[in-house]
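Engineer: Predicted model follows, preceded by the sequence.
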Amino acid sequence: MNITLSITNGETIRAEQSGTDEIWLVSQGAYQPGDVIRFTTDQEGFYLLRLEEALGPVLVYAKAGTFTLPVPFDEKKICYNPIAFTGNIHFLSARTARPWEADGMRDLSYNPLDCHENRTLFPHASANVETRGESVFAARNAIDGVVANHSHGAWPYASWGINRDPDAALTLDFGRTVEIHQIVLYLRADFPHDAWWKEAKVTFDETTTLTLPLVKSDRAQEFPLQPTVAKKLVLHDLVKADDPSPFPALTQIRVIGRETH
């Protein structure tokens, strides 16, 4: 098993480190537009990645291949902590996760490293609509672990915005089969700017669908389930409450469960 961390810009490799089991990379110099952080592995499995200090270590499930995280600038950066991707020295690390780190009940949806370009690192959130294509309304914001929901816009108030589309749907792909025990939703609650949904549906692997009744609240809305095995889920059929505001949105989704093994 081989893993590699690198920072590239076009054809230029600015910093790189390879090894087995555990590696770390120290990069000198401020990030520049066009920089891309890459994690490559030749073995599918669980990894603990620290690709940005402000995001902390993240337990992920990776497919064999390369995960690319473009270093965000300008509008693309405002959905992140302002200190993220700043400074003149950067410490990155990666290692294979220990069995006890992936076992047990946990939030299976948490991945602040997620981005539009992601095809190999799970969980991964995507949506059929994101308000105006702005980073502060991207699907990834719903799984970044930040539940601040009393406003909207720049971090820490990023959310998944649906651009008033009644057909909006968010897909959460786990990359492998997991056992789901609970869904937790934090609706954006910037009232009276925001409306809210009074109902939503969740479909697991295009086979089983549940209806979730929702209320106007800034609190976690928890939905215990009979253990449900699925590789992905879709949040859809979002029914807006009768409210003058046209702007319901989702701040966070948590999927509580465990590995099927």
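Structural biologist: Done, it's in.

Engineer: And the nearest residue to residue 184 once chain neighbours are set aside, its phi and psi?
Structural biologist: Spatial nearest neighbour of residue 184, excluding adjacent residues (Cβ to Cβ, 6 or more residues apart in numbering): residue 254 at 3.9 Å. Quick note: C-beta positions are derived from backbone N, CA and C, even for glycine. Backbone torsions of residue 254, given as degrees, to the nearest 10, read phi -120, psi 130.

Engineer: What number of neighbouring residues does residue 254 come out with?
Structural biologist: Residue 254 has 21 neighbours, counted by other Cβ atoms under 10 Å.

Engineer: Tell me how confident the model is about stretch 191-204, as a mean pLDDT.
Structural biologist: Average pLDDT, stretch 191-204: 98.

Engineer: Can you list the buried residues in that stretch?
Structural biologist: Of all the residues in stretch 191-204, those buried under the rule 16 or more other Cβ atoms under 10 Å are 194-198, 200, 202-204.

Engineer: Run through the helices of the protein in chain order.
Structural biologist: 99-102 (DSSP state H).

Engineer: ok, and what's touching the helix or strand of it with the lowest mean pLDDT?
Structural biologist: When each helix and strand of the chain is scored by mean pLDDT, DSSP states H and E, helix 99-102 comes last, with a mean of 93. With contact meaning Cβ atoms under 8 Å, 6 or more residues apart in numbering, helix 99-102 is reached by 46, 48, 59, 259.

Engineer: between these, which is nearest residue 30?
Structural biologist: Lowest distance from residue 30 to those (Cβ to Cβ) belongs to residue 48, with 26.0 Å.

Engineer: got a list of what residue 176 touches?
Structural biologist: Applying Cβ under 8 Å, 6+ apart, the residues near residue 176 are 61, 122, 231, 259-260.

Engineer: Select, from the residues you listed, the two members most distant in space.
Structural biologist: Once Cβ to Cβ is applied, the contacts of residue 176 give 122 and 260 as the farthest pair, at 14.0 Å.

Engineer: So between the two, which is more surrounded?
Structural biologist: Shown here are residue 122 and residue 260; by other Cβ under 10 Å, residue 122 has more neighbours (25 against 12).

Engineer: Is that one in contact with residue 175, as I believe?
Structural biologist: Yes: between residue 122 and residue 175 there is a contact under Cβ atoms under 8 Å: 3.0 Å.

Engineer: Need the overlap of contacts for the two.
Structural biologist: By Cβ under 8 Å, 6+ apart, the residues touching both residue 122 and residue 175 are 61-63.

Engineer: Those in strands, which ones?
Structural biologist: Those of the shared contacts of residue 122 and residue 175 mapping onto strands are 61-62, per DSSP state E.

Engineer: My understanding was that residue 76 contacts residue 133; is that so?
Structural biologist: No: counting by Cβ under 8 Å, residue 76 stays clear of residue 133, with 10.5 Å between them.

Engineer: Need the pLDDT of the residue nearest to residue 168 when sequence neighbours are not counted.
Structural biologist: With sequence-adjacent residues excluded and distances taken as Cβ to Cβ, 6+ apart, residue 168 is closest to residue 162, at 3.6 Å. The model reports residue 162 with a pLDDT of 98.

Engineer: I figured residue 162 was touching residue 238, is that so?
Structural biologist: Yes: counting by Cβ under 8 Å, residue 238 is a contact partner of residue 162 at 7.0 Å.

Engineer: which neighbours do the two share?
Structural biologist: Each of 168, 248 lies in contact with both residue 162 and residue 238 under the rule Cβ under 8 Å, 6+ apart.

Engineer: Find me the pLDDT at residue 26, would you?
Structural biologist: 97.

Engineer: Please give me every residue in contact with it.
Structural biologist: The contact partners of residue 26, taken as Cβ under 8 Å, 6+ apart, are 15, 89-92.

Engineer: same thing with residue 40?
Structural biologist: Each residue near residue 40 by Cβ under 8 Å, 6+ apart is listed here: 3-4, 6, 65-67.
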